[in-house]
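Participant: quick one, structure for this:
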Amino acid sequence: MAITCKAAVTDGVGGFTIEDIVVHEPQDDEVLVEIKAAGLCHTDHDSLSWGKQLIIGHEGAGIVVKTGKAVKGLQPGDNVILSWAMHCGHCFQCLEGNQHLCEIASPVAAGGNGYTPGHADPSGTLLNGKPVLRSFNIGTLAEYTLVKASAVVKNNSEKMSFPAASIISCGVMTGYGSVINAAKVKAGSSVVVLGTGGVGLNVIQGAKIAGAEKIIAIDINVVRLAMANKFGATHVILAEKGDTGLLSAAQKVKELTNGRGADYAFECTAIPELGAAPLAMVRNAGTAVQVSGIEQDITIDMRLFEWDKIYINPLYGKCRPQIDFPQIIALYEDGRLLLEEMITRTYTLNDLDKAFADMLKGKNAKGVIVFE
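Facilitator: Numbering: from 1, shown residues only. The predicted model follows:
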């Protein structure tokens, strides 16, 4: 039986409204999920201007309502976390171990603009009687969503709240995975984190879990730097807005790292002008990681690469949902990774405008929409 529920739908040209949608029963390889919480990030706000009508949202957690007959390992009543890194399991990238880059199912690597033509059949979700796409093929800013089984990971934690679980979907995974899966930070190393919002805080947590000896957080926001300390930073640097390319901050980093620069530096600001900044922070043969997904044209002084520096741009922390999410859950259970403490404020779906405004003003480490 079809379900009528509320969802946030963008017009694709900057606006959104709360609408009634109709969600049908799952097909063979699909899962119907009642969303209990959906994390917000800047990508959700960006999606308002992607030129497509979409159900917004790509971070979410909830409860399985019904599964298709081909779905295994899930049943109604299971607590689950959703991931947009859907994968087919048999394309070139999947066989290479790069599930997040699936050439068939990834809504970024395959389809672009947050949905995958031909894979995410929108016919199971209707708006005004017509099929409507779901952002990143999951559209979590809705009371119910219909997704492929590969987007669903069971959450066995008995103490984790739905808001905490929801932010694993992207922000936590991106930060943690960029450290553990992509950069492969070594124990005893030095790490710099540029920008201490939700993703940056999880880079800090990942670096701490990896055993980094020195974790240096850089931001222009003193409140966020205080949070950085709470999440594992050993040193903080208050940057100046006029510090072009953060070169002055880079000099302070060198003073903290025997004059060489850090072993690793992670850019988590999403500011195009700072795309090359991590290169200025690392030593010769160090690794700079562009985490925030900058896609604009930028100019880079090639001398920043001197000498033997590595610059990488991983997608979604090289996420393997069925492997990485259980590891994150286990770290949370052991008290080694903080989730609840990252959520600054929760909102209802009707307060989405306010939630976006607070996010854009930098008020929240993480804001979450909760569904009653």
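Participant: so the residue nearest the centre of the chain, which of the three states?
Facilitator: Per Cα atoms, centre = their mean, the C-alpha nearest to the average position across the chain is that of residue 170, at 2.4 Å. Following DSSP: H, G, I helix; E, B strand; the rest coil, residue 170 is assigned to helix.
Participant: shouldn't it be in contact with residue 82?
Facilitator: No: here residue 170 lies out of contact with residue 82, judged by Cβ atoms under 8 Å, at a distance of 9.6 Å. All C-beta atoms are positioned from the backbone trio N, CA, C, and that covers glycine.
Participant: what's the overlap in contacts for the two?
Facilitator: With contacts defined as Cβ atoms under 8 Å, 6 or more residues apart in numbering, the residues shared by residue 170 and residue 82 are residue 59.
Participant: re earlier: show me what contacts the residue nearest to the centre of the chain?
Facilitator: Applying Cβ under 8 Å, 6+ apart, one finds that residue 170 lies in contact with 39, 41, 43, 58, 59, 84, 316.
Participant: how about 6 Å then?
Facilitator: With contacts taken as Cβ atoms under 6 Å, 6 or more residues apart in numbering, residue 170 has the following neighbours: 58, 59.
Participant: look at it and report its pLDDT.
Facilitator: As predicted, residue 170 sits at a pLDDT of 92.
Participant: any idea how far it lies from residue 68?
Facilitator: If you measure residue 170 against residue 68 using Cβ to Cβ, to the nearest Å, the figure is 25 Å.
Participant: ok, residue 144 - how many residues close by?
Facilitator: 21 (other Cβ atoms under 10 Å).
Participant: how about it, what does it touch?
Facilitator: 3, 5, 23, 34.
Participant: give me the below-cutoff pLDDT ranges for this structure.
Facilitator: Under the criterion of pLDDT under 70, the regions of the chain flagged as low confidence span 110-123.
Participant: any idea how it splits into domains?
Facilitator: Using automatic domain parsing, the domains assigned to the chain come out as 3-154+339-370, 175-314.
Participant: okay if I get those domains as TSV plus distance to residue 328?
Facilitator: Listed next are the domains of the chain as TSV, based on distance: least, Cβ to Cβ, whole Å:
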stretch	distance to residue 328
domain 3-154+339-370	8
domain 175-314	6
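Participant: ok, which stretches of the stretch 1-150 of the chain are helices?
Facilitator: Read by DSSP state H, counting those that start in this stretch, the stretch 1-150 of the chain holds these helices, from start to end of the chain: 42-46, 92-95.
Participant: so for the last one, what gets flagged as buried?
Facilitator: I take that to be helix 92-95. By neighbour count, and taking 16 or more other Cβ atoms under 10 Å as the criterion, the buried residues in helix 92-95 are 93, 94.
Participant: related to what we said a few turns ago, out of the contacts of residue 144, which is most surrounded?
Facilitator: Each of the contacts of residue 144 was scored by neighbours using other Cβ under 10 Å; the highest score is residue 23's, at 25 neighbours.
Participant: ok, that one - contacts?
Facilitator: 3, 125, 144, 146.
Participant: now these as a markdown table including distance to residue 303?
Facilitator: Below are those laid out as a markdown table (distance: Cβ to Cβ, whole Å):
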| residue | distance to residue 303 |
| --- | --- |
| 3 | 58 |
| 125 | 51 |
| 144 | 53 |
| 146 | 51 |
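Participant: mind listing what the nearest residue to residue 9 once chain neighbours are set aside touches?
Facilitator: Closest residue to residue 9 in three dimensions, ignoring its sequence neighbours and counting by Cβ to Cβ, 6 or more residues apart in numbering: residue 19, at 4.8 Å. The neighbours of residue 19, taking Cβ under 6 Å, 6+ apart as the test, are 7, 9, 127.
Participant: top of these by neighbour count?
Facilitator: For those, neighbours were counted by other Cβ under 10 Å; the highest total belongs to residue 7, with 28 neighbours.
Participant: and the nearest residue to it once chain neighbours are set aside, how many neighbours?
Facilitator: Nearest-residue entry for residue 7: residue 142, 3.4 Å, with adjacent residues in sequence omitted and distances by Cβ to Cβ, 6+ apart. The number of residues packed around residue 142, counting by other Cβ under 10 Å, is 30.
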